[in-house]
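> The following comprises the amino acid sequence and a computationally predicted model.
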Amino acid sequence: MFLPESLGDISPSLEIEQEVDGRFIAEIPELPGVMAYGPSREEALAKVEAIALRTLADRLEHGEPTPELPQIFSAA
């Protein structure tokens, strides 16, 4: 997952739930509208991460505000 679990005072969250029809939905509340469905937990996570990166890039490109996240990517 590209968003680390703890960023000091800022803790972006990644929420994931399974719907009654079996699909999974993943959401990053700090980025309104960034959510994705997938048939598996892993696919929903991969999709929401891609959407989050696209959203952040689009906001930067258009001079729009972005969440102040000191670290977006983490390496293990």
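It's in.
> all contacts plus neighbour counts: C-alpha atoms, from now on.
Noted.
> so what's the most centrally placed residue in the chain closest to, chain neighbours aside?
By Cα atoms, centre = their mean, the chain has its centre lying nearest to residue 28, at 4.2 Å. Nearest non-adjacent residue to residue 28, counting by Cα to Cα, 6 or more residues apart in numbering: residue 14, 4.9 Å away.
> what's the burial count for that neighbour?
Residues near residue 14, counting by other Cα atoms under 10 Å, number 18.
> likewise residue 18?
15.
> now swap in residue 17 and tell me
Quick note: residue 17 (other Cα under 10 Å) scores 14 neighbours.
> where do the strands sit along the chain?
Under the criterion DSSP state E, strands of the chain are mapped to 15-18, 24-27, 35-38.
> In the chain, where is pLDDT below threshold?
1-12, 68-76 (pLDDT under 70).
> Try it again at 50.
1-11, 73-76 (pLDDT under 50).
> so can I have TSV of the strands of the chain showing distance to residue 65?
Shown next, in TSV, are the strands of the chain (distance: least, Cα to Cα, whole Å):
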stretch	distance to residue 65
strand 15-18	22
strand 24-27	19
strand 35-38	19
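> quick revisit: phi, psi for the residue nearest to residue 28 please.
phi -120, psi 120 (degrees, to the nearest 10).
> tell me the contacts of it?
3, 26, 27, 28, 29 (Cα atoms under 8 Å, 6 or more residues apart in numbering).
> All good on my end, thank you.
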